[in-house]
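Asker: Have a look at this prediction, sequence included:
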Amino acid sequence: MFVTLFNHYWWLLFPLSFAIFSVMRAVLRDDESRRILSLIRSYTDQGKEPPAELLALLKR
Amino acid sequence: MTATDLFNSYWWLIFPLFGMGMGLVAMLGHFRHRSETLKLIKTYADQGKEPPAALLEALRSDEDRVYNCRGRRRSHWTQIAVFGSLAVAFGYFGYYGEGGSVFIALALGFGMGSAILLLISIIRALTGSSLPKE
């Protein structure tokens, strides 16, 4: 059963892994954006101007 | 079909799967690296200090590699060589290959894609336009 299924649909490995990679990248990117926002918040909490490079990172 | 037959038919899948695994490890490694850099910057911010410019620069310079998969910027001629050989290889396989209709369809699809990318690379090389950043 598994062998027959694999024989027919082995090529699905490629689009499926691409989809999984895309989801993982999106999740990691979201996590990073949250970290950057929290970092910017810690600057603003202290009444300081956050570095321009950090703000630029959010624009991508 | 036994496990041996399956391996005989699909042994070549080891290489793309290994490549995917390496890509995954590299992606996770980059994100962990960036995450640690952000933590370090936060330590500076919490102490009310200005983080070193090199740390912020490290985040910026790493961005293309993480988000656009363009860490190693290729020249036009490298692109032409890569896509040219892909187009020829897939075109040949699609036309003469014997591996079932799905495989031929895949080969033709990738062959066409490679041919289009080859054409774009040649136009870029002739017009001298740079590779897009976004």
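Answerer: Yes, it's here.

Asker: mind showing which ranges of the chain have poor pLDDT?
Answerer: Went with chain A since none was named. Within chain A, the ranges that satisfy pLDDT under 70 run A:60.

Asker: let's do chain B instead
Answerer: Along chain B, the parts satisfying pLDDT under 70 run over B:1, B:63-74, B:97-99, B:102-103, B:129-134.

Asker: Quick one: name the residues of it near chain A.
Answerer: B:1, B:6, B:9-10, B:13, B:16-17, B:20, B:23-24, B:27-28, B:31, B:34-35, B:38-39, B:41-42, B:45-46, B:48, B:50-51, B:56-57, B:59-60, B:63, B:67, B:102-103, B:106 (CB under 8 Å from any CB of the partner chain). Using the backbone N, CA and C atoms, a C-beta is placed for each residue, glycine as well.

Asker: which of those are buried?
Answerer: B:20, B:27, B:31, B:34, B:38, B:41-42, B:45, B:51, B:56, B:59, B:106 (16 or more other CB atoms under 10 Å in any protein chain shown).

Asker: check which helix or strand covers the closest residue to chain A within chain B.
Answerer: Relative to chain A, the nearest point of chain B is residue B:56 (3.9 Å; CB to the nearest CB). Counting by DSSP states H and E, the element that carries residue B:56 is helix B:53-68.

Asker: And the residue of chain A that's closest to chain B?
Answerer: For chain A, CB to the nearest CB, closest residue to chain B: residue A:53, 3.9 Å.

Asker: Pull the contacting residues for the closest residue to that residue other than its chain neighbours.
Answerer: In this structure, residue A:53 finds its nearest non-sequential neighbour in residue B:56, 3.9 Å apart by CB to CB, 6 or more residues apart in numbering or on different chains. Under the criterion of CB atoms under 8 Å, 6 or more residues apart in numbering or on different chains, the neighbours of residue B:56 are A:51, A:53-54, B:41.

Asker: roughly how far apart are residue B:56 and residue B:37?
Answerer: If you measure residue B:56 against residue B:37 using CB to CB, to the nearest Å, the figure is 9 Å.

Asker: do the same with residue B:59
Answerer: Residue B:59 is 6 Å from residue B:37, by CB to CB.

Asker: domain parsing for chain B?
Answerer: The record's domain parsing of chain B by automatic domain parsing lists B:1-71, B:73-134.

Asker: how about those in a markdown table, adding distance to residue A:19?
Answerer: Output for the domains of chain B, formatted as a markdown table (distance: least, CB to CB, whole Å):
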| stretch | distance to residue A:19 |
| --- | --- |
| domain B:1-71 | 12 |
| domain B:73-134 | 17 |
